[in-house]
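Enquirer: Quick one: sequence plus predicted model below, questions after.
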Amino acid sequence: MAIQLIINKEFGLTKNENPIQGAFIIEELTDLVEHAVLLEFDRLTERGGVLGAMETMYQRSKIQEESMHYEMLKHTGEYPIVGVNTFLSRKGSPTILPSEVIRATEQEKQFQITTLKALHEFHAQSLEESLVQLKKDAIGHGNMFEALMEISKFCSLGQITHALFSVGGQYRRNM
């Protein structure tokens, strides 16, 4: 019963007197979504299609705007999400940061450093050839997913990042 109430609260059907009768609300919501999608397709067409819109970074800016709008609605409570901004547990909202940030203890830090050093020592022989192969795959447009899955068995994230940076450089977005 509680799950049904949660779904009703988030879906918004309870704003209608009788959502089942004639399914008017469902049809209206469908029409609104369809209209919004067609408007967005028109906006993309005006910008020269998907590739033209990508050149002007339309999609990225639209996603950023919508994301910011969604977060604003979520934080103000205008967009109810059960467990996030309505019907909260005693611990509070998972989206609002606690008053203090949880930090790793010195013992946990040292354990991670020791583990990383052990990884480097254990795979010292295969490390260099694995990094060279990763660089070749990156330059030669090889299957990077497969290469990354394989090299992650031998190398740390830092080593992989430095190897890819050495062949690809830093990403710079077109303005």
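Expert: Noted; the coordinates are in hand. Numbers count the residues shown, from 1 in each chain.

Enquirer: What is the three-state secondary structure of the residue nearest the centre of the chain?
Expert: Centrality entry for the chain: nearest residue to the mean C-alpha point is residue 67, 11.2 Å, by C-alpha atoms, centre = their mean. Classification of residue 67 by DSSP: H, G, I helix; E, B strand; the rest coil places it in helix.

Enquirer: Check what pLDDT it gets.
Expert: Per-residue pLDDT puts residue 67 at 93.

Enquirer: what's the answer for residue 13, then?
Expert: With respect to pLDDT, residue 13 scores 66.

Enquirer: repeat for residue 131
Expert: 90.

Enquirer: helix or strand for it, which one?
Expert: helix 124-139 (DSSP states H and E).

Enquirer: Could you break the protein into its assigned domains?
Expert: 2-56, 106-168 (automatic domain parsing).

Enquirer: Quick one: end-to-end length of the last one, please.
Expert: To tie it back to what came earlier, the one meant is domain 106-168. This stretch, domain 106-168, spans 35 Å end to end (C-alpha to C-alpha, to the nearest Å).

Enquirer: now it, how far from the chain's geometric center?
Expert: For domain 106-168, the separation from the chain centroid amounts to 24 Å (computed by C-alpha atoms, centre = their mean, to the nearest Å).

Enquirer: One more: the shortest one?
Expert: The gap between where domain 2-56 is centred and where its chain is centred comes out at 22 Å by C-alpha atoms, centre = their mean.

Enquirer: closest to residue 90 out of the domains of the chain?
Expert: domain 2-56 (16.9 Å; C-beta to C-beta). Quick note: C-beta positions are derived from backbone N, CA and C, even for glycine.

Enquirer: Show me what the helix or strand encompassing residue 54 is packed against.
Expert: For residue 54, the host element (DSSP H and E) is helix 49-55. When contacts are defined as 3 or more C-beta pairs under 8 Å, 6 or more residues apart in numbering; DSSP states H and E, helix 49-55 sits against helix 24-46.

Enquirer: And the helix it packs on, what does it pack against?
Expert: In this structure, helix 24-46 packs against helix 49-55, with contacts taken as 3+ C-beta pairs under 8 Å, 6+ apart.

Enquirer: residues contacting residue 134?
Expert: With contact taken as C-beta atoms under 8 Å, 6 or more residues apart in numbering, residue 134 is in contact with 147-148, 151, 160, 163-164.
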